[in-house]
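Undergrad: Next one to model:
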Amino acid sequence: MTFTEQCITIGLCALASVLTRALPFLLLSEEKPTPPMVRYLGNVLPAAVFGMLVVYCLKDTDFLDGTHGLPEIAGILVTAVLHLKFRQMLLSIGGGTAVYMILIQCVFIP
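TA: Reported below is the predicted structural model:
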C-alpha cells in the first residue's frame, strides 16, 4: 500500500467508527420512545455474543487428547462464576483469561 492508500484506509476506518457510534444518537431521539426491536436487541445481543465467543473459543479444543480441554473449561467456569458473583464484565473476562493463561503456561506445559 502506498502512503496515500494507507491514509485513505485509516480515514475511512475512523469515519466508519464515528458513524456507527453517532448514528444511534442521530436516529433515535429522547423525545420518541425507543423502538421495541431496538430494546429487544439490547436485551438479547450481549448473551448471544458471549455464547458465540464460547463456541468460537472451544471449536478447536480436542477433549480426547492432551489436557482434555481442562484449561479451557476452567477458564470458562471462572469467567461464569466471577460474572454471576460480581456482574463486572472486565473482571469476569480478565479473571477467566488469567486462569487460562496460568494453566497453559505453568501447569499444563506442552
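Undergrad: Mind listing residues that contact stretch 83-97?
TA: Contacts to stretch 83-97, defined as Cβ atoms under 8 Å, 6 or more residues apart in numbering, come from residues 75-76, 78-80, 82. Where C-beta positions appear, they are placed from N, C-alpha and C, glycine not excepted.
Undergrad: which one's the longest helix in this structure?
TA: Ordering each helix of the chain by length in residues (DSSP state H) puts helix 3-27 first.
Undergrad: where's V81, which helix or strand?
TA: Using DSSP states H and E, V81 sits within helix 70-86.
Undergrad: Could you do H68 as well?
TA: Short version, using DSSP H and E: H68 is in no helix or strand.
Undergrad: now swap in G95 and tell me
TA: In the assignment (DSSP H and E), G95 maps to helix 89-102.
Undergrad: hmm, back to that, just the buried subset of the contacts of stretch 83-97, please.
TA: For these, a burial check counting by 16 or more other Cβ atoms under 10 Å picks out 75-76, 78-79, 82.
Undergrad: picking up where we left off before, can you mark which positions in the helix holding G95 are buried?
TA: Buried-residue list, helix 89-102, by 16+ other Cβ under 10 Å: 92-93, 95-96, 99-100.
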